[in-house]
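Participant: Output the structure for:
(one chain, ligands or ions: 2)
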Amino acid sequence: MPLSIVILAAGQGTRMKSARPKVLHALAGKPLLQHVVDSSRALEPEQTLVVVGHGADQVKAAMQGQDLDFVLQREQLGTGHALQQCLDQINPGNMVLVLFGDVPLVRAETMAAMIEKTRDAALCVLSWTPQNPFGYGRIIRRQQAVHAIIEHKDTTPEQQAIGECFSGLMLIRGDRLKSFAAALKNDNAQQEYYLTDLVGIAVAAGDTVAAVVCDNAGEVTGVNNQLQLAAAEAEYRARQVGALMDGGVKVSDPQRIDIRGVIETGKDVEIDVNCIFEGTVVLGDNVRIGANCVIRNTSIAAGSVIHPMTWIDEAVIGREVNIGPFARIRAGTDLGDEVKVGNFVETKKSSVGRASKISHLSYIGDTEMGAEVNIGAGTITCNYDGVNKAQTVIEDGVFIGSDTQLVAPVRVERNATIGAGSTITRTAPADKLTISRTKQVTIGAWSKPVKKES
Ligand code: UD1
Ligand code: CA
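Facilitator: Ligands and ions are numbered 1, 2, ... in the order given. Take a look at the predicted model:
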């Protein structure tokens, strides 16, 4: 049966105490709602409807270009009311899976298990037993079968003792949906139209209601406040780190690593404590990452070592490269094999050829550097005249003495040597020593100042 997915994302999220719509709060670097969309893709739905309301324009803008159909819920009168807004757009021949934009970590496998279970039922709910059921809808069972869901605010004290709760995921046969939804009422504590009432309505109509019980609490935790957001982040982190370690990566402390995106790793990779990985990061065989590194959208080839306190963003790093400690590799940096970048070096939009060394205290920007170049300590490419950026070219085998300024646009030709302390503004010819500094003099008639008597 074809599948329609409805994601409820119209609520304000008052408990987040934030101006941003709740479903746009970031978990592992991407909006909560994006997690839900991404996981549900694996089910290959025929359509995905996203119900928006509070901050609708902002939510739509954040989620554009993803083949989603947005449905506006002008007034947020409850989760059942949100689903009602979609009825005209749903083919009765479809299965309808309702997901909550604030329940971000459900795996596609769990959603698929619900589809499997709904074969001969009209409706299926995903339940679980949280550590603290406060605030969640309680599952009422009669002779094992799911009979109703009672919202926390509507429960009796006896019902509050029930541990099994509704996760927010519900699957409904499209041919029953319209009649069920038409029966929703708002005569409850919150005067809302509850999605959860569909269960009692289906039971009253003589239909079978199925349930899938999720035994992984972290998967279905809802995000209603900052504490739950942090808990979801921890769950996401644990899941990612678990996958890394399953793949053979040596992680010094699984509690002290953050993966806010996707990480691909080769064999025998080692990651020390307090590293943050964002976006897409690829680490080749035997790569070692020292403590306190931040690495974003970067690939690092086999055998390279990143020493502690290094920041790398949007870069391509070759094999057997050594970077850091305390290096900043900015966007557009491309380091060849066996390159060395040492402490307090910043690179940007630059390519560095094989086995070149920039060992200490340098800025290399908008530069094309050949192989086996040696850049002395404190060398700076002056790539900006206050208005425009210009290129520096340093050819193979060049040796640049310490504390040199290369004023771009400028070229240093093959095997040239630049004397320490030079300011280079014109081409430095191949194989020659070029030097630009005032001559050293010693002043004979000088004597040390003496302290005045007061
Ligand atoms: C809901 C369930 C509760 C369940 C819990 C699981 C209902 C009535 N209650 O409670 O049984 O245990 O989730 O996390 O369904 N939304 C709209 N339009 C609205 C109201 C809400 O789109 O008018 C969206 C919200 O943006 C959110 C989702 O629906 O993504 C859930 O709404 P929320 O208010 O957080 O429901 P809970 O109180 O958490
Ligand atoms: Ca919620």
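Participant: Now the stretch 251-400 of the chain against ligand 2: closest residue?
Facilitator: Relative to ligand 2, the nearest point of the stretch 251-400 of the chain is R260 (22.6 Å; C-beta to the ion). Placement of C-beta: from N, CA and C, glycine included.
Participant: Do I have it right that that residue meets T280?
Facilitator: No - look at R260 against T280 with C-beta atoms under 8 Å: they stay out of range, at 10.8 Å.
Participant: These two: which has the busier surroundings?
Facilitator: Set R260 next to T280 and count neighbours by other C-beta atoms under 10 Å: R260 wins out with 20 against 13.
Participant: Could I get the pLDDT score of that one?
Facilitator: Looking at R260, its pLDDT is 89.
Participant: can you give me phi and psi for it?
Facilitator: phi -100, psi 50 (degrees, to the nearest 10).
Participant: just the helices in this protein please.
Facilitator: Applying DSSP state H to the chain gives helices spanning 32-41, 56-62, 79-84, 108-117, 157-160, 174-182, 197-204, 217-220, 226-246.
Participant: Show me how far the second one is from its chain's centre.
Facilitator: Taking C-alpha atoms, centre = their mean, to the nearest Å, one finds helix 56-62 lying 19 Å from the centre of the chain it belongs to.
Participant: Would you mind checking the average pLDDT for that helix?
Facilitator: Helix 56-62 comes out at a mean pLDDT of 98.
Participant: And the last one, by the same measure?
Facilitator: Averaged across helix 226-246, pLDDT comes to 94.
Participant: does any bit of that helix sit next to ligand 2?
Facilitator: No - judged by C-beta under 5 Å from the ion, helix 226-246 stays clear of ligand 2, getting no closer than 8.7 Å.
Participant: who touches that helix?
Facilitator: 16-17, 25, 27-28, 32, 104-105, 218-219, 221-223, 251, 254, 257-259, 263, 265, 271 (C-beta atoms under 8 Å, 6 or more residues apart in numbering).
Participant: How about the first one?
Facilitator: Residues outside helix 32-41 that contact it (C-beta under 8 Å, 6+ apart): 5, 7, 9, 22-28, 48, 50, 59, 62-63, 66, 68, 97, 99-108, 111, 223, 232.
Participant: Just put the helices of the chain in a markdown table and tack on mean neighbour count.
Facilitator: Output for the helices of the chain, formatted as a markdown table (neighbours: other C-beta atoms under 10 Å):
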| stretch | mean neighbour count |
| --- | --- |
| helix 32-41 | 21 |
| helix 56-62 | 15 |
| helix 79-84 | 24 |
| helix 108-117 | 16 |
| helix 157-160 | 10 |
| helix 174-182 | 17 |
| helix 197-204 | 22 |
| helix 217-220 | 18 |
| helix 226-246 | 16 |
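Participant: what is the residue of the stretch 251-400 of the chain closest to ligand 2 paired to in the beta sheet?
Facilitator: E278 (DSSP bridges).
Participant: ok, it - contacts?
Facilitator: 28-30, 276-279.
Participant: most neighbours, which of these?
Facilitator: Most surrounded of the contacts of R260: other C-beta under 10 Å gives F277, at 25 neighbours.
Participant: Go ahead and confirm it touches T265.
Facilitator: No - here F277 lies out of contact with T265, judged by C-beta under 8 Å, at a distance of 10.2 Å.
Participant: Is there proximity between stretch 161-181 and ligand 2?
Facilitator: No - Stretch 161-181 does not reach ligand 2 (C-beta under 5 Å from the ion); its nearest approach is 6.8 Å.
Participant: Offset the numbering so it begins at 57, please.
Facilitator: All right, first residue 57 from here; so that's stretch 217-237.
Participant: Any residue of that stretch touching ligand 1?
Facilitator: Yes - using C-beta under 6 Å from any ligand atom, stretch 217-237 comes into contact with ligand 1 via 221-224.
Participant: how long is that stretch from one end to the other?
Facilitator: 29 Å (C-alpha to C-alpha, to the nearest Å).
Participant: residues contacting the residue lying closest to K173 once chain neighbours are set aside?
Facilitator: Counting by C-beta to C-beta, 6 or more residues apart in numbering, K173 lies nearest to A266, which is 4.7 Å off, once chain neighbours are set aside. Shown in contact with A266 (C-beta under 8 Å, 6+ apart): 173-174, 177, 179-181, 202.
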